[in-house]
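> A structural model of the following input is requested.
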Amino acid sequence: MPSITSFIKHHYRHFNAAALVDAANAYNAHLASGGKMFLTMGGAMSTAELGLSLAEMIRQDKVHGICCTGANLEEDVFNLVAHDFYERVPHYRDLTPADEAKLLARHMNRVTDTCIPEMEAMRRIENEVLKEWVRADQAGERFFPHQFMYKILLSGDLKGSYQIDPRDSWLLAAAEKNLPMFVPGWEDATLGNMYAGHCISGDVKKVHTVRTGIEYMAELAAWYTKVARPLRNGEGSLGFFQIGGGIAGDFPICVVPMLHQDLRRVGVPLWGYFCQISDSTTSYGSYSGAVPNEKITWGKLAASTPKFIIESDATIVAPLIFAWVLGE
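Okay, here's the model as predicted:
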């Protein structure tokens, strides 16, 4: 038996550990039944270097579509070209406001224990993607945020600047497969802010050169309709694996009730598997803390859908589940 799988089987027997095993087994069962898996990613998982495990999941066809925040989209590329300039701050809980101000003065943007270097990462990628924004704008073309990132990665222009093994970049793996991708709320990401600035300054003349979130939903509806097929008891062939909460999870899961309730379509299957990794506790009105059963009332999951919630740190849990699914 592979070492990681063997370790998990022996030690992970109760509570959240057992939920991890159950979710991983059900993930494999869903794929074995002919299903596909849709992954959503909130938080700062790219800065946590989830690409170390997620990239291989994409290459081995264990993930078939992704919805992520704009931050996760861009931060994987930031890490790809500027990893050597990142700084880890293991004592981040002890930082004073004055310490934080010193990081700001050095243009080191902190994400928990990791500082992203503005000039080497953010501004470097801004310069590359700005060329594509302007080129598309002048040609009267329009693309989604992830398509612009795919373009700069597949062009090869950044290859000489890679500071990690490119096999550890999940976005590069996705670009090479032209993986279906959806990035709602991209406007609040660093590159989204930069894009707004270039629209205001006039570098980009047409604000809709970057396609919008509503268009992403229309694309998701078309993709879900094409890919999902009924499996059993109203459940469909698309599973939903959610890392964190927020818009990355809430936006795509709503495509099913939208197809049912707003477009009045019949025969559209529900999501066929659901797992959420979150350390958000159940609370009043919290989407991230909503238990899976609540989604039954919104027409997203069936009563019989395999449902799992692992209340733990996704940086610990997700790589272990991926290792299990990959047979490591």
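> for residue 309, grab phi and psi.
phi -130, psi 130 (degrees, to the nearest 10).
> can you give me the strands in the stretch 51-200 of the chain?
65-68, 87-88, 108-111, 114-117, 181-182 (DSSP state E, counting those that start in this stretch).
> check the ones you listed for me and report the most buried one.
Most buried of the strands of the stretch 51-200 of the chain, by mean neighbour count (mean count of other C-beta atoms under 10 Å): strand 65-68, with a mean of 26. Quick note: C-beta positions are derived from backbone N, CA and C, even for glycine.
> can you count the residues close to residue 139?
Neighbour count of residue 139, defined by other C-beta atoms under 10 Å: 9.
> give me the pLDDT for it.
pLDDT, residue 139: 98.
> need the contact list for residue 27.
37, 239, 241, 273, 275, 321, 324-325 (C-beta atoms under 8 Å, 6 or more residues apart in numbering).
> swap the cut-off to 10 Å and go again
35, 37, 62, 239, 241, 273, 275, 306, 308, 321-322, 324-325 (C-beta atoms under 10 Å, 6 or more residues apart in numbering).
> burial measure for residue 281, as a count.
The number of residues near residue 281, taken as other C-beta under 10 Å, comes to 9.
> farthest-separated two in the contacts of residue 27?
Using C-beta to C-beta, the contacts of residue 27 span at most 17.9 Å, a distance reached by 306 and 322.
> picking that back up, out of the strands of the stretch 51-200 of the chain, the one nearest residue 99 is which?
Among the strands of the stretch 51-200 of the chain, the nearest to residue 99 by C-beta to C-beta is strand 108-111 (9.8 Å).
> partners of the closest one in the sheet?
Taking DSSP bridges as the criterion, strand 108-111 forms sheet pairs with strand 114-117 (antiparallel).
> give me the contacts around the partner strand.
With C-beta under 10 Å, 6+ apart as the criterion, strand 114-117 contacts 44, 47-49, 74-75, 78-79, 82-90, 92, 103, 106-110, 122-124, 190.
> so how far is that strand off the chain centroid?
Relative to its chain's centre, strand 114-117 lies at 20 Å (C-alpha atoms, centre = their mean, to the nearest Å).
> again with stretch 294-306
A distance of 22 Å separates the centroid of the chain from that of stretch 294-306, by C-alpha atoms, centre = their mean.
> what sits up against it?
22-23, 25-27, 29-30, 232-236, 239-240, 250, 253-261, 268-276, 282, 287, 290, 292-293, 307.
> again, 8 Å this time
26, 29-30, 232-235, 253-254, 256-257, 260-261, 270-274, 292, 307.
> not counting sequence-adjacent ones, nearest residue to residue 167?
residue 55 (6.1 Å; C-beta to C-beta, 6 or more residues apart in numbering).
> for that neighbour, report the pLDDT, please.
pLDDT, residue 55: 98.
> which of the contacts of stretch 294-306 are buried?
26, 30, 235, 253-254, 256, 260, 270-274, 292, 307 (16 or more other C-beta atoms under 10 Å).
> before we move on, back to that, higher neighbour count, residue 306 and residue 322?
Neighbours per residue, other C-beta under 10 Å: of residue 306 and residue 322, the larger number sits with residue 322, 25 against 20.
> just checking, the more buried one touches residue 52?
No - with contacts counted by C-beta atoms under 8 Å, residue 322 stays clear of residue 52, the gap being 9.3 Å.
> from residue 164, how far off is residue 265?
Noted for residue 265: a distance of 44 Å to residue 164, by C-beta to C-beta, to the nearest Å.
> more neighbours: which of those two?
Taking other C-beta under 10 Å, residue 265 and residue 164 do not tie; residue 164 has more neighbours (16 against 12).
> show the pLDDT at the closest residue to that one other than its chain neighbours.
Spatial nearest neighbour of residue 164, chain neighbours left out: residue 83 (4.8 Å); criterion: C-beta to C-beta, 6+ apart. Looking at residue 83, its pLDDT reads 98.
> so where do the helices sit in the stretch 101-250 of the chain?
Assigned by DSSP state H, counting those that start in this stretch, the helices in the stretch 101-250 of the chain fall at 124-139, 145-154, 170-177, 190-201, 213-227, 247-253.
> and the shortest one, what does it pack against?
Judged by 3 or more C-beta pairs under 8 Å, 6 or more residues apart in numbering; DSSP states H and E, helix 247-253 is in contact with strand 36-41, strand 65-68, helix 213-227, strand 238-243.
> helix or strand next in line after that helix, which one?
helix 255-257 (DSSP states H and E).
> ok so, going back, any idea which of the helices of the stretch 101-250 of the chain gets closest to residue 7?
Nearest of the helices of the stretch 101-250 of the chain (C-beta to C-beta): helix 170-177, 24.0 Å.
> what's the average pLDDT for that closest one?
Here the average pLDDT along helix 170-177 is 98.
> rewinding a little: nearest to residue 143, out of the helices and strands packed on helix 247-253?
Among these, helix 213-227 sits nearest to residue 143 (C-beta to C-beta), with 10.5 Å.
> got the angle for that closest one vs strand 238-243?
140 degrees (axes from the mean of the first three to the mean of the last three C-alpha atoms, to 10 degrees).
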